[in-house]
Every structure is written in structure tokens, then in C-alpha cells.
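K.L.:
Just the structure for this:
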Amino acid sequence: MPGPKLAEDRNWASDARAAAGIAVLLPGLLLAVDAAAGCTHWQRVLLWTALGLALLAVLWPTRVRATPGMLTTRGLLHHRRVRTDRLVSVAWHDGVAQRLVLRDLDGNRLEVDPRVFAANPALWHLFDQSVKVSLSLGTVTDGSDPLRRLARLIDRQTVRTVFQISEMDHC
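P.N.:
Numbers count the residues shown, from 1 in each chain. From the prediction side, this is the model:
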């Protein structure tokens, strides 16, 4: 039975709506406060509009898609892809925002939030199947620890979901 041909982040649309809402709501509120205070000048309107655009740029989520052998990310200003069936390295970067950094044989580099895989089983399945191809070909020279860490994250999320669905989670 063949697997899916395309999987993408199911939460992207709602995250994009939330980013757009915040980018419109905050400057709108600031403009309303200015209007109520009687100090609505074109400079302030321009300032709050610029703030809204900056918020949109910062908050806009990266769209993640997978097809057999390929992982693609698209943000407002970038479009990146890696061949997941030809990976050479996988690195896990901790910090304020955790990132999985993937590099392929062609020199392409892509960063993705590991939680996207945990929240999207179909995306994880396509990615995992392609990574297994890379591992079987021996192209992955660096990255077994990050891949195991990602698999543990996915397993924990799966167990948590099963417990929640079966109402066994009383914590």
C-alpha cells in the first residue's frame, strides 16, 4: 500500500491567521488610542503601520511540506528545500527556538522546528521514510543523535495523544 504523496503542516493556516490578526489588531488598537487622545498625525499612522508590517514579518509561520524524498519550507522571504533521501547531516540546535538543521548532498540547507513533525503525523511519516533511505545509503555522516532525539519527541507526543484520546491522562 503506497504512502501519501504530499503532507504539510496542518496548523499553518491557523498560525498564519493568528499572525495576521495580531499584526492588524495591535496597530489598530494603537491608532484607536491615538484617535481617542486626539493625536492622530500621519507620522503616527505611518509608525503604527510599519509596526504592523514588522510584526507580520516576525510572526509569519514557515510553511512546511514533504513529498517522498523532499522537504520544503516557505516563509515570507525564503523558499528552501532539501532532498531527505540524500541527507548528509542532521543537527539539533537548542535555544529560544529549537531547530532541526538538515543538509543534503547537493549542499542545500533547511531549518525546521521539530515540533512541526510531532504535530503532523503524515509529515513525520514521509520525512522518516526518506531519512531511512539516506541512512540505508550511508549518506548521513553526522546526525544519528538528533534523529534519535526527534524520534523520541515524536514517540512522546504519540503516547500523550493516545492517553488523551483514551481519557487515561488524568494529570
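K.L.:
Just the buried positions in stretch 64-80, please.
P.N.:
Buried residues in stretch 64-80, counted by 16 or more other C-beta atoms under 10 Å: Val64, Arg65, Ala66, Thr67, Pro68, Gly69, Met70, Leu71, Thr72, Thr73, Arg80. The way it works is simple: take the backbone N, C-alpha and C, and place the C-beta from them, glycine included.
K.L.:
cool, stretch 121-128 as well?
P.N.:
Within stretch 121-128, the residues scored as buried using 16+ other C-beta under 10 Å are Pro121, Leu123, Trp124, His125, Leu126, Phe127, Asp128.
K.L.:
what ranges do the strands span in this structure?
P.N.:
7-8, 63-67, 70-74, 79-83, 87-93, 99-104, 109-112 (DSSP state E).
K.L.:
Can I get the ones you listed in a markdown table including distance to Leu31 and mean pLDDT?
P.N.:
A markdown table is the format used below for the strands of the chain (distance: least, C-beta to C-beta, whole Å; pLDDT from 0 to 100):
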| stretch | distance to Leu31 | mean pLDDT |
| --- | --- | --- |
| strand 7-8 | 35 | 92 |
| strand 63-67 | 30 | 95 |
| strand 70-74 | 31 | 96 |
| strand 79-83 | 33 | 96 |
| strand 87-93 | 38 | 91 |
| strand 99-104 | 35 | 93 |
| strand 109-112 | 35 | 94 |
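K.L.:
Now render the ones you listed as CSV, adding distance to Ala23.
P.N.:
Shown next, in CSV, are the strands of the chain (distance: least, C-beta to C-beta, whole Å):
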stretch, distance to Ala23
strand 7-8, 23
strand 63-67, 17
strand 70-74, 18
strand 79-83, 21
strand 87-93, 27
strand 99-104, 23
strand 109-112, 23
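K.L.:
With respect to Leu26, which of those lies nearest?
P.N.:
Among those, strand 63-67 comes nearest to Leu26, with 23.2 Å by C-beta to C-beta.
K.L.:
and the angle for the closest one with strand 79-83?
P.N.:
For strand 63-67 against strand 79-83, the angle by axes from the mean of the first three to the mean of the last three C-alpha atoms, to 10 degrees is 30 degrees.
K.L.:
Run me through the strand neighbours of strand 63-67, direction for each.
P.N.:
strand 7-8 (antiparallel), strand 70-74 (antiparallel) (DSSP bridges).
K.L.:
Show me what it is in contact with.
P.N.:
Outside strand 63-67, the residues within contact range by C-beta atoms under 8 Å, 6 or more residues apart in numbering are 5-9, 12, 71-75, 84, 112, 116, 120, 123, 126-127, 130.
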